[in-house]
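**Student:** kindly return the folded structure for what I paste below:
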Amino acid sequence: MKNIIDIYKEYKIMPNLVMHQIRVAAVAMQICDSLTINIDKESIIKACLLHDMANIIKFNLEYFPELNKPEGIDFWQNVKNDYILKYGNNEHEASLLIARELGVSNRIYDLIYCIDSSSVEMIAKEDDFSKKICMYADNRVTPHGVVSIEERSLEAKERYKNHPHSFNEEIRIFFMENMFSIEKQLFSKINIKPEDINDESIMVNIKKLEAITI
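**Tutor:** Alright, predicted model coming up:
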């Protein structure tokens, strides 16, 4: 077992990506703690902490130049090149390979697998609330903090507008329809409202997450 912060250091995860994964896990933790049904909280949290391990593969390192500091863009470009060389060009598949390297359970692996836009319709239709929590938590967090799912969608639309992974507007609307469905399903089982999940509310969970071992 390794501490999650040590894992991030071992895999040279960019600080903003570290913070993203921790925020997503913190959102998921708040949801788990507010649910009125039983849930596999441990697997959900660990999946969220690992879901974007290889996302540097798709990063445009010039988009947020301030996030390259203090190491600098050349350092992170070399890290990105190493990731592509070792794991390939698909960041989601690469994150799954890293999960296997870390020896996570099949359940955690399956949850990481589902934290992907292509799974949103399936997750909205299925009854697996663990998958709903993981997908929803990821879609509440931008590079700068916790927002609504609609704000997150619009931010991603702008950030990836010239990226191969970008949605056209029809697909984005379809994605959001499914996300709103997931939100409605979740909050029918939760004793808080979506707006109760924010940067302030998750702070209490962040320190707890830094002590997690995987």
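
**Student:** looking at Phe174 now. What's its pLDDT?
**Tutor:** For Phe174, the model assigns a pLDDT of 96.

**Student:** please apply the same query to His163.
**Tutor:** 64.

**Student:** below-threshold pLDDT in this structure: ranges please.
**Tutor:** 163-166 (pLDDT under 70).

**Student:** try 90
**Tutor:** Residues of the chain meeting the criterion pLDDT under 90: 60, 62-64, 154-169, 207.

**Student:** strands along that one, start to end?
**Tutor:** 141-142, 145-146 (DSSP state E).

**Student:** packing partners for the last one?
**Tutor:** When you say that, I think you mean strand 145-146. helix 15-34, helix 199-209 (3 or more C-beta pairs under 8 Å, 6 or more residues apart in numbering; DSSP states H and E). No exception for glycine: its C-beta is placed from N, CA and C like everyone else's.

**Student:** circling back: which stretch among the strands of the chain is buried most, on average?
**Tutor:** For the strands of the chain, average neighbour numbers computed from mean count of other C-beta atoms under 10 Å are highest in strand 141-142, which has a mean of 20.

**Student:** how about the contacts made by Glu28?
**Tutor:** Not Glu; residue 28 is Ala. By C-beta atoms under 8 Å, 6 or more residues apart in numbering, Ala28 lies in contact with 44-45, 48, 133-134, 137.
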